[in-house]
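Let's see this in three dimensions:
(one chain, ligands or ions: 1)
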Amino acid sequence: MNIKDIIRKDLLEMQPYSSARNEFEGNARIFLDANENPYGASFRGVTHLNRYPDPMQKELKSRIAELTNTDTTNIIVGNGSDELLDLAVRATSVPGGSNAIIVPPTYGMYSVAAATNNVKIKEVLPDENFNIDADKILEAADKNTRIVFVCSPNNPTGNLAPEEEVTKLAEQFNGLVIVDEAYIDFANNKGMAHLPQQYENVFVMRTFSKARGMAGARLGFGFGHPELIKVLNAIKMPYNVNNLTLEAGLSALDRTGIYRSQTERIIHSRELLSAYLQKIKGIKKVYPSSANFLLIKVDEPVKLYNYLLQQGIVVRDRSNMPLCSGCLRITIGREHENEILAEEIQNFFAEAKPGQQQAPQQPQPQQQPQQPQQQPQQQDHSSRTRRRTRETDILADIRLHGRGIADIQTGNGFLDHMLELFTFHSKTDLLIRASGDTHIDIHHTMEDIAITLGKALNSALADRKGMNRYGFLMPMDESSATVSIDTGGRSMLVWDVPFRNQNVGGIPASMFSHFFRSLADNAGFTINISAAGNDDHHLIEAVFKGFARSLKQAVQITDNRIQSTKA
Ligand code: PMP
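As a prediction, this is how the structure comes out:
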């Protein structure tokens, strides 16, 4: 197999456009070669937008090469991996003469990329568990078949393609095998990016759109034989990836912490949701998934789809795809979103078949707050607490010994900021979701966040065994806050924080003492706070940071005893 036999003959000879940025490489003092505006973008904040981006994305490619143990000559970077699909079809197929094989149900853009280039599609079905069969594909291939598309994990089914099947294709198929690994980060599998080094006719695609959380930036990359990459580069638009996206891509590669923790969270949520959905009687099948979505099979998919839509939840109806009758695809969302989705699916089946399904308690408007649902996990000191009243619905999910990861949505930017500071400085992991009657004012929502957070803290502390119990903190910037804390179970707040203005960050200053009192009451904490400073914003920031640092100290594990002379 020679890669040159796969590439369109006329393109092998083609002279690519040579841009100013192609012709001059290196550092110069003055750039007067590309007809750019020397002053900068016509809005503030971004300094380098007046210059064309690097058409060959050298810096990003070197970082990717470094991380994946490949060479930059093996890498192409695209405006999303969708662009790479189109390039691969154009590079290999003759409009009106070639065909490509897909294994449906699969990602819809393979057919679109083929159709826009007047390339026919042949469909080869997988087995009932969506496993691809290399022999069947090889049988279907003819002398005009230029591409086989393999999606692993497959969209929308979530299953991986076995490497043996792909290598069999690579060995026996006289065309390009495209392995689309958009979702590989969610799989317990390193993927097939190494295959192009062994097989000239394998092209593996990846994207920043999924696990890296950058679908809006449009950034994808592919690994292939240098001859193929050379032609793909020659036929792409010269500046296919813009400066903002390139910069975002480089930063993303440097921040593996966020990527890893988010991916872990999504995988964990996928498994929780899958287990939950499998217990719902109306769901006929939850397919195993190595991606960030689940495919489920039900009797009346359109009815369920519309029901969810009425509840404000959009999923993807895939019931018209081959082998997918009855199927909906559900992307894994944030924890509380998955929780709401699961509840609504339960409700759907409970309403459809009264008596057969045990519906969970519906959120009922009521006078008295519901008893919070708490699930303390004593081993890791975490707790998830949801509290719903007529005025608010608050979810607090806290892990006391975390990494400072905050996922806060209170509906108030200033409060989000304070709780993010708290999370960072306490090295907890904290998720807050709040919806409430903020159209009236912040009062109920802020108070109920404090109550729910307090209850979550109390629950996460569990029997309080083995922890420091006390925390102390003194200085903080030009404003200073003195915070001491006792997590021992008695509730009290001593508050001496003289604000200069009635409002801080748009919130009535008096709400902050109220916030800490509600928190102390519900967490079972004694908190002593005094602070001084000239700037109210700094002052309250010092209070939240100080509280966070004291809490961090107080929840530190010391030994296995309760820190009390009475215990
Ligand atoms: N491949 C698959 C299998 C996908 O599902 C998607 C997007 N839904 C893509 C590629 C496109 O990715 P990108 O955003 O990088 O164009």
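
what's near enough to touch the residue in the stretch 401-550 of the chain that the ligand sits nearest to?
Using Cβ to the nearest ligand atom, residue 407 is the residue of the stretch 401-550 of the chain that sits closest to the ligand, at 23.0 Å. All C-beta atoms are positioned from the backbone trio N, CA, C, and that covers glycine. By Cβ atoms under 8 Å, 6 or more residues apart in numbering, the contact list for residue 407 reads 334, 430, 431, 432.

What's the first helix or strand after the strand or helix carrying the third one?
Mapping residue 431 onto the secondary structure by DSSP states H and E places it in strand 429-436. Reading on from strand 429-436 to the C-terminus, the next helix or strand found by DSSP H and E is helix 443-461.

Those residues of the stretch 1-150 of the chain touching the ligand, which are they?
Listed as neighbours of the ligand in the stretch 1-150 of the chain under the rule Cβ under 6 Å from any ligand atom: 80, 81, 82, 107.

switch to 8 Å and redo it
Taking Cβ under 8 Å from any ligand atom as the criterion, the stretch 1-150 of the chain approaches the ligand at residues 78, 79, 80, 81, 82, 83, 85, 106, 107, 109.

picking that back up, I'd assumed the residue of the stretch 401-550 of the chain closest to the ligand was in a strand, is it?
Yes: the assignment for residue 407 is a strand, going by DSSP: H, G, I helix; E, B strand; the rest coil.

And the residue of the stretch 51-200 of the chain that's closest to the ligand?
Counting by Cβ to the nearest ligand atom, the stretch 51-200 of the chain gets nearest the ligand through residue 80, at 2.8 Å.

mind checking how far that residue is from residue 214?
Computed with Cβ to Cβ, to the nearest Å, the distance linking residue 80 and residue 214 is 10 Å.

Which residue is the nearest non-sequential neighbour of the residue of the stretch 51-200 of the chain closest to the ligand?
residue 218 (4.3 Å; Cβ to Cβ, 6 or more residues apart in numbering).

ok so that neighbour is a helix residue?
No: Residue 218: not assigned to a helix; according to three-state DSSP it is coil.

which residues touch it?
Applying Cβ under 8 Å, 6+ apart, one finds that residue 218 lies in contact with 79, 80, 83, 209, 241, 245.

now the residues you listed as TSV including neighbour count and secondary structure?
TSV is the format used below for the contacts of residue 218 (neighbours: other Cβ atoms under 10 Å; DSSP: H, G, I helix; E, B strand; the rest coil):
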residue	neighbour count	secondary structure
79	19	coil
80	21	helix
83	22	helix
209	19	coil
241	25	coil
245	22	helix
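
separation between the residue nearest to residue 293 when sequence neighbours are not counted and the ligand?
Closest residue in space to residue 293, ignoring its immediate chain neighbours: residue 331 at 4.7 Å, by Cβ to Cβ, 6+ apart. The gap separating residue 331 from the ligand is 10 Å, by Cβ to the nearest ligand atom, to the nearest Å.

which SS class is residue 35?
Three-state call for residue 35 (three-state DSSP): coil.

what's near enough to touch residue 501?
With Cβ under 8 Å, 6+ apart, residue 501 has these contacts: 509, 536.

now do 6 Å
Taking Cβ atoms under 6 Å, 6 or more residues apart in numbering, we find residue 501 in contact with residue 536.

and if you look at residue 270?
residue 332.

Check which helix or strand it maps to.
According to DSSP H and E, residue 270 maps onto helix 256-278.

May I have the strands that pair with the next helix-or-strand element following that helix, each with its orientation?
Using DSSP H and E, the helix or strand that follows helix 256-278 in sequence is strand 283-286. Strand partners for strand 283-286, identified by DSSP bridges, are recorded as strand 293-298 (antiparallel).

angle of the strand it pairs with against helix 256-278?
With axes from the mean of the first three to the mean of the last three Cα atoms, to 10 degrees defining the directions, strand 293-298 sits at 10 degrees from helix 256-278.

ok, residues contacting strand 293-298?
156-158, 274, 283-287, 304, 326-331.

who wins for neighbours among the residues you listed?
Tallying neighbours with other Cβ atoms under 10 Å puts residue 157 at the head of these, with 28 neighbours.

and that one, what pLDDT?
With respect to pLDDT, residue 157 has a value of 98.

leaving aside the residues next to it on the chain, what's closest to it?
Using Cβ to Cβ, 6+ apart, the closest residue to residue 157 is residue 130 (4.2 Å).

ok, the residue of the stretch 401-550 of the chain closest to the ligand to residue 258 distance?
In terms of Cβ to Cβ, residue 407 sits 11 Å off from residue 258.

Residue 11 too?
40 Å.

Which one of the two is surrounded by more residues?
More neighbours surround residue 11 than the other of residue 11 and residue 258, with 16 against 12 (other Cβ under 10 Å).

excluding its backbone neighbours, what's nearest that one?
Using Cβ to Cβ, 6+ apart, the closest residue to residue 11 is residue 231 (5.3 Å).

Three-state assignment for the one you found, please.
Three-state call for residue 231 (three-state DSSP): helix.

just the buried members of the residues of the stretch 1-150 of the chain next to the ligand?
78, 79, 80, 81, 82, 83, 85, 106, 107, 109 (16 or more other Cβ atoms under 10 Å).

For the nearest residue in space to residue 333 that is not next to it in sequence, which three-state class applies?
Nearest residue to residue 333 in three dimensions, chain neighbours excluded: residue 341, at 7.0 Å (Cβ to Cβ, 6+ apart). Assigned by three-state DSSP, the conformation of residue 341 is helix.

And for the one 5 residues further on?
Three-state assignment for residue 346 (three-state DSSP): helix.

got a pLDDT number for it?
Model confidence at residue 346, given as pLDDT, is 94.

That one: neighbouring residues, count only.
Residues near residue 346, counting by other Cβ under 10 Å, number 20.

Distance of residue 120 relative to residue 421?
Taking Cβ to Cβ, one finds residue 120 at 58 Å from residue 421.

what does the chain put close to the ligand?
78-83, 85, 106-107, 109, 151, 154-155, 180, 182-183, 205, 207-210, 215, 218-220.

how about the helices of the stretch 51-200 of the chain, start to end?
Secondary structure of the stretch 51-200 of the chain (DSSP state H, counting those that start in this stretch): helices at 58-68, 80-92, 109-116, 134-140, 163-172, 195-198.

what helices or strands is the third one leaning on?
Identification of packing neighbours for helix 109-116 by 3 or more Cβ pairs under 6 Å, 6 or more residues apart in numbering; DSSP states H and E yields helix 80-92.

so who does residue 182 touch?
Residue 182 neighbours (Cβ under 6 Å, 6+ apart): 207, 210.

Quick check: buried residues in stretch 439-458?
For stretch 439-458, using 16+ other Cβ under 10 Å, the buried residues are 442-458.

Could you do stretch 243-253 as well?
Neighbour counts over stretch 243-253 (16+ other Cβ under 10 Å) mark 243, 245, 246, 247, 248, 249, 252, 253 as buried.

So which bits of stretch 188-197 are buried?
191, 192, 193, 194, 195, 196.

since we're on residue 15, how many residues are nearby?
Residue 15, neighbours per other Cβ under 10 Å, totals 6.

One more: residue 351?
As a burial measure, residue 351 scores 11 neighbours (other Cβ under 10 Å).

Send me stretch 226-245 as CSV with only the CA atoms.
Provided in CSV are the C-alpha atoms of stretch 226-245 (Å, rounded to 0.1, in the frame of the first residue of the first chain):
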residue,chain,number,x,y,z
PRO,A,226,3.3,12.9,5.8
GLU,A,227,2.4,12.6,2.1
LEU,A,228,-1.3,12.7,3.0
ILE,A,229,-0.8,15.6,5.5
LYS,A,230,1.1,17.5,2.8
VAL,A,231,-1.8,17.3,0.4
LEU,A,232,-4.4,18.1,3.0
ASN,A,233,-2.3,21.2,3.9
ALA,A,234,-2.1,22.2,0.3
ILE,A,235,-5.8,22.1,-0.3
LYS,A,236,-7.1,23.7,2.9
MET,A,237,-7.8,27.4,3.1
PRO,A,238,-4.5,29.1,3.9
TYR,A,239,-5.5,30.5,7.3
ASN,A,240,-8.0,27.9,8.3
VAL,A,241,-7.5,28.3,12.1
ASN,A,242,-7.6,31.8,13.6
ASN,A,243,-5.3,33.4,16.1
LEU,A,244,-7.9,33.3,19.0
THR,A,245,-8.5,29.6,18.5
